[in-house]
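Participant: No letters, just coordinates:
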């Protein structure tokens, strides 16, 4: 007989949160300090900064180390702008303001209804994400009407989601067997294979239809999650 789940965990970026117009926001922030930058140049620099952050996010353990990481990210951003001929003399703190004001996280439209559905069904919810120590504050700000049963942040835990141990720890904190937990995320290795290795059920969220080769249960929108859970279609054959 199939075991029904008791908890649902979600990845953060790309699953429940997204950046709202980051390239346009950066372009406008740069204009505010007197630097007129084409949208493509702003986009390229921002993507480079994001790549650096992704590689180094584990270093943002507390407020001090996070501030240091953000200043290094700013350096990456402005060096790449300079390569495209966009440079100006601006104080380091002002540059940091430009970057941080360009970053505005928003929940996807399908997130709150699904979280409310989970609550109505008595399912515990959690977030397991590769992020720095600021994630709990961001979730509180953007989803302040929902209280997650746990929030596990890679920088705080000292391991990222490629390590199945973070999912083992989540099961322990929920006081559940891993088989009672369903994880939802948008990265094949981190959100599908890694939780499966830890004994969790896992579903790939493929909002853009890019993961056509993934041999796994998948969703195009979280709106379809309730039906998947009720039918237990997330379980592997």
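Facilitator: Yes, it's here. Keep in mind the model is a prediction, meaning the values are calculated, not measured.

Participant: so where is the protein shaky, pLDDT-wise?
Facilitator: Residue ranges of the chain with pLDDT under 70: 1-3, 212-214, 236-237.

Participant: Can you give the domain ranges for it?
Facilitator: 7-18+106-231, 21-103 (automatic domain parsing).

Participant: What's the end-to-end length of the last one?
Facilitator: Start to finish, the residues bounding domain 21-103 are 9 Å apart (C-alpha to C-alpha, to the nearest Å).

Participant: same check, this time on the longest one
Facilitator: Terminal residues of domain 7-18+106-231 are spaced 16 Å apart (C-alpha to C-alpha).

Participant: chain center to that domain: distance?
Facilitator: 9 Å (C-alpha atoms, centre = their mean, to the nearest Å).

Participant: ok so, going back, out of the domains of the chain, which one sits most buried?
Facilitator: Mean neighbours per residue, mean count of other C-beta atoms under 10 Å, is largest over the domains of the chain for domain 7-18+106-231, with a mean of 18. From N, CA and C alone the C-beta is placed, and that goes for glycine too.

Participant: on contacts alone, who are the packing partners of the longest helix anywhere in the chain?
Facilitator: Ranked by number of residues, the top helix in the chain under DSSP state H is helix 63-83. Helices and strands touching helix 63-83, by 3 or more C-beta pairs under 8 Å, 6 or more residues apart in numbering; DSSP states H and E, are helix 39-56, helix 92-102.

Participant: can the ones you listed go into a markdown table with extra columns for distance to residue 191?
Facilitator: Shown next, in a markdown table, are the helices and strands packed on helix 63-83 (distance: least, C-beta to C-beta, whole Å):
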| stretch | distance to residue 191 |
| --- | --- |
| helix 39-56 | 15 |
| helix 92-102 | 26 |
